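**Student:** Fold the stuff below for me.
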Amino acid sequence: MEIEFEPEGLEQTALGSIIGKVHYQFWVTQFPADDWDDFVVVVANWWLVALLELRGSSQARTRFSFMDGPFWMDAQRDGETVLLQCVEDRGGGGITHNETVRLVELEAAVLKFARRVLNAVVRCGMASPDAEELRRRLNESGAAESGAIQS
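**Tutor:** Now for the predicted structure:
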């Protein structure tokens, strides 16, 4: 499992939101889609919070939401594994894919994605309150040392 992100495709809206392409890659299945655009800084923040919720208990449940569109992944931890259920909440959608991953694998993918998003934002000279929140969350999670973000 990987989280695919295209750092060279970032755009910042007039209101300051930062948009880019992101999706989960499970072998041959992409969720929500291989060319999915979303508010990558916002979802990186949300996914870090969801990851903390999973870390909190060996039987935790949480949701990895996308901001744009009716898509999310429900996550249920069972010890060191996590059942991910990809959900599309519109006509005929429902659960579109199930995947069981190791917690450490999910953790590595989310942290790598969040670092790559922040690196891309910095390289592009973009700034936003959401990006500052992402920097803070990464520093607090121990995913960045001395404020220096690396991919």
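**Student:** mind checking how far stretch 24-35 is from the chain centre?
**Tutor:** Centroid separation for stretch 24-35 versus its chain: 13 Å, with C-alpha atoms, centre = their mean, to the nearest Å.
**Student:** for this protein, what's the longest helix?
**Tutor:** helix 103-123 (DSSP state H).
**Student:** From the contact counts, what lies against it?
**Tutor:** Helices and strands touching helix 103-123, by 3 or more C-beta pairs under 8 Å, 6 or more residues apart in numbering; DSSP states H and E, are strand 2-5, strand 18-26, helix 40-55, strand 81-88, helix 129-141. C-betas here are computed from N, CA, C, even on glycine.
**Student:** Out of these, which is closest to Glu11?
**Tutor:** Proximity to Glu11 (C-beta to C-beta) singles out strand 18-26 among those, at 5.0 Å.
**Student:** Next SSE downstream of that closest one?
**Tutor:** For strand 18-26, the following helix or strand on the C-terminal side (DSSP states H and E) is strand 29-31.
**Student:** mind listing what that following strand pairs with, with the direction of each?
**Tutor:** In the sheet, strand 29-31 lines up against strand 18-26 (antiparallel) (DSSP bridges).
**Student:** low pLDDT regions in the protein?
**Tutor:** Counting by pLDDT under 70, the chain has low-confidence residues at 143-151.
**Student:** Phe5 is in contact with Ala109, correct?
**Tutor:** No. Applying C-beta atoms under 8 Å as the test, Ala109 and Phe5 come out as separate, 10.3 Å apart.
**Student:** ok and the longest helix of the chain relative to strand 81-88, angle-wise?
**Tutor:** 60 degrees (axes from the mean of the first three to the mean of the last three C-alpha atoms, to 10 degrees).
**Student:** How about helix 103-123, which residues are buried there?
**Tutor:** Neighbour-count burial for helix 103-123 flags 103, 106-107, 109-111, 113-118, 120-121 (criterion: 16 or more other C-beta atoms under 10 Å).
**Student:** That concludes my questions; thank you for your assistance.
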